[in-house]
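Participant: Structure, please.
(one chain, ligands or ions: 1)
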Amino acid sequence: NKKTFKLNTGASIPAIGLGTWQSAPGEVGKAVEAALRAGYRHIDTAAAYGNEKEVGQGIKASGVPRSEIFLTTKLNNPDHKRAAAALDDSLKALGTDYLDLYLMHWPCSSDPSDMKKVYSDWDYVDTWHSMQKLVDTGKVKAIGVSNFGITHLERLLKDPNTTTVPAVNQIELHPGNPSPKLVAYNASKGIHSSGYSPLGSSDSPLSNNETLKSIAESKGRSVAQVLLAWGIQKGWSVLPKSVTPSRVEANFALDGWSLTDDEIAKIDAVPDRFKVCTDGWIPIQVFFGDDE
Ligand code: A2P
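Facilitator: Numbering: from 1, shown residues only. Predicted coordinates:
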């Protein structure tokens, strides 16, 4: 699957990337290797996942040249005042000298001396301004954000010191959390949406959804494949996570077929709402309902 989307930097981002949230260090290296051998050219990780070292080892073991891979990692919340140093830590762990995309993981500047608090003299807009400087070092080709709502982006974009529009906003996207207003807002600002937990994560309610099951059956595809095709045809890149090589491969097998407009409309109309990722574990609320 060679489909890509264009970023506002001019670079291309492959439509399917391997997600690695909740992929344990002992298994993620093999998953990354399997993905790259199956043809993936996009890997998504984060400092907070605690698996960058093994992700880097998987990349090396695959034999696929670094230059062919779109590699993303994310700045951890307690590192907002040390973005440049945190980037160096991530590069070292990944065993590479540059990232294709560096994301601010959350609009939340946690105080490392008390993780129940955010800084009183610093916030994510300040963090963004440090990240803007990283592009000039050549260590990151693009910068973006994750888990940002419209109000976060509005504040960031209207700040007079903001000179770079985020290339990407990586958010939870699946039929149970479709966020059409946020996706449209991202697009209106030239920000590419990237969808995490596209399958609804483990024990996904989507796997038993009758609409999805009947579409999958009629296409001779799995529900997972239908969910990924839906996201890509809606215009965002998808980041399915798996540590099972057969699933890693199946999730990439989206060539030679597509969903009809009618099938997409039926999936859009699935009414049940749920969220995989919550904000209860960070010191501030960042999610304010389906689309905020
Ligand atoms: P595993 O990693 O054990 O293979 P999401 O990307 O929405 O977060 O979903 C990840 C979850 O879905 C993981 O539990 C993963 O299991 C599972 N999964 C990934 N791909 C498939 C697939 N093709 N069919 C069924 N389950 C899958």
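
Participant: Surely residue 153 is in contact with residue 147?
Facilitator: No: between residue 153 and residue 147 there is no contact under Cβ atoms under 8 Å: 11.1 Å. The C-beta positions use only the backbone N, C-alpha and C, and glycine is treated the same way.

Participant: Who are the contact partners of whichever residue of the stretch 51-200 of the chain sits closest to the ligand?
Facilitator: The minimum distance from the stretch 51-200 of the chain to the ligand, using Cβ to the nearest ligand atom, falls at residue 199 (3.3 Å). Neighbouring residues of residue 199 by Cβ atoms under 8 Å, 6 or more residues apart in numbering: 174, 206, 207, 224, 227, 228, 240, 241.

Participant: residues touching the third one, list them.
Facilitator: For residue 207, the contacting residues are 199, 200, 223, 224, by Cβ under 8 Å, 6+ apart.

Participant: again, but for the fourth one
Facilitator: Residue 224 is in contact with 199, 207, 240, 247, 250, 251, counting by Cβ under 8 Å, 6+ apart.

Participant: before we move on, what SS does the first one have?
Facilitator: Of the three states, residue 199 takes coil according to DSSP: H, G, I helix; E, B strand; the rest coil.

Participant: Would you mind listing what in the chain touches the ligand?
Facilitator: 19, 197-202, 222, 224, 240-244, 247, 250-251 (Cβ under 6 Å from any ligand atom).

Participant: show me where the stretch 1-150 of the chain has helices.
Facilitator: Under the criterion DSSP state H, counting those that start in this stretch, helices of the stretch 1-150 of the chain are mapped to 25-38, 52-62, 83-94, 124-136, 150-158.

Participant: Can you lay out the ones you listed as TSV showing mean pLDDT?
Facilitator: Below are the helices of the stretch 1-150 of the chain laid out as TSV (pLDDT from 0 to 100):
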stretch	mean pLDDT
helix 25-38	95
helix 52-62	97
helix 83-94	98
helix 124-136	98
helix 150-158	97
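
Participant: Let me have those helices in JSON lines, extended by mean neighbour count.
Facilitator: Output for the helices of the stretch 1-150 of the chain, formatted as JSON lines (neighbours: other Cβ atoms under 10 Å):
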{"stretch": "helix 25-38", "mean neighbour count": "20"}
{"stretch": "helix 52-62", "mean neighbour count": "21"}
{"stretch": "helix 83-94", "mean neighbour count": "18"}
{"stretch": "helix 124-136", "mean neighbour count": "18"}
{"stretch": "helix 150-158", "mean neighbour count": "16"}
